[in-house]
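Trainee: just need the structure, nothing else, for what follows:
(4 chains)
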2 protein chains.
Amino acid sequence: MRRMTARPANAHQARLLQLLRDGGPNSRAQLGDQVDLSRSKLAVEVDRLLETELVVADGLAASRGGRRSHNIRLNPGLRFLGVDIGATSVDVAVTNAELEILGHINQPMDVREGPVAVFEQVLSMAAKLRASGLAEGFDGAGIGVPGPVRFPEGVPVAPPIMPGWDGFPVREALSQELGCPVMVDNDVNLMALGEQHAGVARTVHDFLVVKIGTGIGCGIVVGGEVYRGTTGSAGDIGHIQAVPDGRQCACGNRGCLEAHFSGAALARDATEAAQQGLSAELASRLEANGGLSAADVAAAAAAGDATALELIREGGRSTGQVIAGLVSFFNPGLVVIGGGVTGLGHNLLAAIRTQVYRQSLPLATGNLPIVLGELGPTAGVIGAARLISDHLFSPA
Amino acid sequence: MRRMTARPANAHQARLLQLLRDGGPNSRAQLGDQVDLSRSKLAVEVDRLLETELVVADGLAASRGGRRSHNIRLNPGLRFLGVDIGATSVDVAVTNAELEILGHINQPMDVREGPVAVFEQVLSMAAKLRASGLAEGFDGAGIGVPGPVRFPEGVPVAPPIMPGWDGFPVREALSQELGCPVMVDNDVNLMALGEQHAGVARTVHDFLVVKIGTGIGCGIVVGGEVYRGTTGSAGDIGHIQAVPDGRQCACGNRGCLEAHFSGAALARDATEAAQQGLSAELASRLEANGGLSAADVAAAAAAGDATALELIREGGRSTGQVIAGLVSFFNPGLVVIGGGVTGLGHNLLAAIRTQVYRQSLPLATGNLPIVLGELGPTAGVIGAARLISDHLFSPA
DNA sequence: CCTTCTTTGTCCACTCAGTGGAGAAAGTTC
DNA sequence: GAACTTTCTCCACTGAGTGGACAAAGAAGG
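Mentor: Residues are numbered from 1 along each chain as shown, chains lettered A, B, ... in the order given. The predicted structure follows:
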């Protein structure tokens, strides 16, 4: 299939495309209800969109009584590629223009192997998805990387956990390889976009998404838009001090949140506890697998292991401590907890909630939900697709 | 003089008014350079503004070679009232439409006396300014109060240091008394607006203003707009934990920033030190005045008193500790320190800077100026005038 | 001093987005 | 089958905005 290159010619068309993306197929009349344009003008703009083949006619709409109306929908052949590069694995997914996931692959991988090796793998995963008949090509791609990004250029800047990526022209390189427009962002920001598009944050305008994976990061949404900060490092909360004079952190300081609680820190603490004979449960898992991960701790806690539970609670306390500060400062309408450690589930959530509700003032916490993300591992790729679709569905 | 009631009829007129406010008198041609409208259209809109008397013709403009052109300026009879209600004093000022301060009064006062008593005083101060011939009436007023505000309604919500104000319809009451439109906001937000309009933050889009007065608060500006949070309590950083298991705070927790450093805390610590005989300098001042304030500590430090210096340094460390967290999270392009304690000057600033630069990551601090506010006690009233002018100079 | 060039302001015909009413087509309801 | 609704199309009309022509009023240069 020939790839779409058209872009909406004006704000009306952009608005219509976004409505069709978020609300699915609609009749002209239904679109008119949402868009505050005269029927005549609407018809003109829809006709122009039909000419560009960005949207197509699609059978009859459900009758609301009266003359039957034809549905309009985004071209069902449009395909977006969502890529979520984590510290230790990659997610690649194909979506249609309505951002529904048509296919999704996850593979372990180490970002530290550098951009060239990683992109080779990403491209082969994309090729696999294409080969399985889900897409003949891509109309756009969104990429998430685990570090700060200079957003307009799509270039990672000084990423601590991914040396070798600093300044690598991710956007340009991938755009060339894939032959389609590409947008690059921090993985946490994409998770926020994902939860906003299809998850728990659909109705909230100002919220935070705290992602606890190998590291810890925070996505900030202000007025419905992702806030990235002056140099693209906004939300970098892993190195906020959670425990004064606490553990030595790789960044050179002591007591950073990330040093006390994250996938990596949790695994290390669990291993230590097992070796010290504090937990038979953890020790047996350590012996069985030759190592421990956050998932092992979750399983041990679920089995009632007191040490594992205490590790989770302690981590929740540290995290809650930091989040409490952010809540006082930012006064969000919602806090979403996500990332690899969501397997720790409600034990973690309860510890965080306790700490936040205790430490922040009632005006900020009064009506503040703190919840787990709804989308799990798909949040990132959905957010990536959303990122590129926002770009393509806006006036050129 | 008859008060102006007109509002710009469209976005073009609003834009023109804002240009004239921020750039002073301008010829039609100069306006045309900034506004991307055809000369014809511009002339039409300017003529309409002249009809409303919001702007007036004002002599000849400086020649740029060619036919001489007439200047356009905002009506010089327009007057805004800026009111900044602090915990222990009130500032009231009159400005013209270009937000230049024409008269400014400061009076001590205790907010805890409640809204009725305070407004009586504010109104009498406004009357005094009017009587001195600076204004015959006001075209709009901006009010800052030291606590969270539900912004759209202009009503304080659950303000900790001003009991009796909760839910008081400040905006409506003052609008009735003054007979002009009124907008209400948190005093720290107004300080941020002031520094943005006429101070150090003129060219920055994302920045923080930390006001250290009787309490501690933070103004947040995102993309040039003040961010107020979901319930209007954004920036309420006084109760973020700065010292674990630290001092008991009035809010019920321990170690809040405000309990360790603020005008009130500093005065208390200084008194304690004087009584314990740690500082002859402070002790003599205590005896002379019967009490100590932040200004006394500043003076003692300037005189070389080691105890006073250490108090300031210690406070700067606590504050810097919290600001470091905010910088990591928010990645601002500028941090402004202001409020009553700016008298502490560079000793304080140095302590804050040291702490922030040490604790936050290089990407966030790399090019981050941390500076004192430029406007001092006028920042609040200028911000107040700016608030109401933004409201009045936008399409109705 | 006069010519030439530039800047500024005014006028006017023209374009184009957008409106809203009339009417046709195609349903539902009773 | 009559009456009412909903949807879609057509079309004359409005009004914002453009850009070119022209006039007015200065500066620069010989």
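
Trainee: look up phi and psi at residue A:142.
Mentor: The phi/psi pair for residue A:142 (degrees, to the nearest 10) reads phi -110, psi 140.

Trainee: so it sits against residue A:385, correct?
Mentor: Yes. Between residue A:142 and residue A:385 there is a contact under Cβ atoms under 8 Å: 5.7 Å. Glycine gets a C-beta too; all of them are placed from N, C-alpha and C.

Trainee: who's more crowded, those two?
Mentor: A direct count of neighbours by other Cβ atoms under 10 Å in any protein chain shown for residue A:142 and residue A:385 places residue A:385 higher, at 33 against 29.

Trainee: the more buried one: helix or strand, and which one exactly?
Mentor: helix A:379-392 (DSSP states H and E).

Trainee: overlap in contacts, residue A:142 and residue A:385.
Mentor: Shared contacts of residue A:142 and residue A:385, defined by Cβ atoms under 8 Å, 6 or more residues apart in numbering or on different chains, comprise A:80-82.

Trainee: of the residues you listed, which belong to strands?
Mentor: Applying DSSP state E to these, the entries found in strands are A:80-82.

Trainee: show me where the stretch 251-396 of chain A has strands.
Mentor: A:335-338, A:370-372 (DSSP state E, counting those that start in this stretch).

Trainee: return the residues in contact with residue A:78.
Mentor: A:4, A:54, A:96-97, A:139.

Trainee: swap in residue A:74?
Mentor: A:17, A:20-21, A:54-56, A:96-98.

Trainee: type out the ChimeraX command that picks the buried ones from those residues.
Mentor: Filtering the contacts of residue A:74 down to the buried ones (16 or more other Cβ atoms under 10 Å in any protein chain shown) takes a single ChimeraX command:
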select /A:17,20,21,54,55,56,96,97,98
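
Trainee: what about residue A:17, helix or strand, and which?
Mentor: Per DSSP H and E, residue A:17 falls inside helix A:11-23.

Trainee: tell me the average confidence for stretch A:159-173?
Mentor: Mean pLDDT, stretch A:159-173: 92.

Trainee: about what we covered before: can you put the strands of the stretch 251-396 of chain A in a markdown table and add mean neighbour count and distance to residue B:47?
Mentor: Shown next, in a markdown table, are these (neighbours: other Cβ atoms under 10 Å in any protein chain shown; distance: least, Cβ to Cβ, whole Å):
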| stretch | mean neighbour count | distance to residue B:47 |
| --- | --- | --- |
| strand A:335-338 | 26 | 52 |
| strand A:370-372 | 18 | 56 |
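
Trainee: can you add neighbour count, distance to DNA strand C and pLDDT and give the ones in strands among the shared contacts of residue A:142 and residue A:385 back as JSON lines?
Mentor: As requested, these are arranged in JSON lines below (neighbours: other Cβ atoms under 10 Å in any protein chain shown; distance: Cβ to the nearest atom of the strand, whole Å; pLDDT from 0 to 100):
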{"residue": "A:80", "neighbour count": "28", "distance to DNA strand C": "28", "pLDDT": "97"}
{"residue": "A:81", "neighbour count": "29", "distance to DNA strand C": "33", "pLDDT": "97"}
{"residue": "A:82", "neighbour count": "30", "distance to DNA strand C": "33", "pLDDT": "98"}
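
Trainee: how near is the single nearest residue of the stretch 1-150 of chain A relative to DNA strand D to residue B:54?
Mentor: Nearest to DNA strand D, among the residues of the stretch 1-150 of chain A, is residue A:66, at 1.9 Å (Cβ to the nearest atom of the strand). Noted for residue A:66: a distance of 49 Å to residue B:54, by Cβ to Cβ, to the nearest Å.

Trainee: now do residue A:302
Mentor: If you go by Cβ to Cβ, the gap between residue A:302 and residue B:54 works out to 68 Å.
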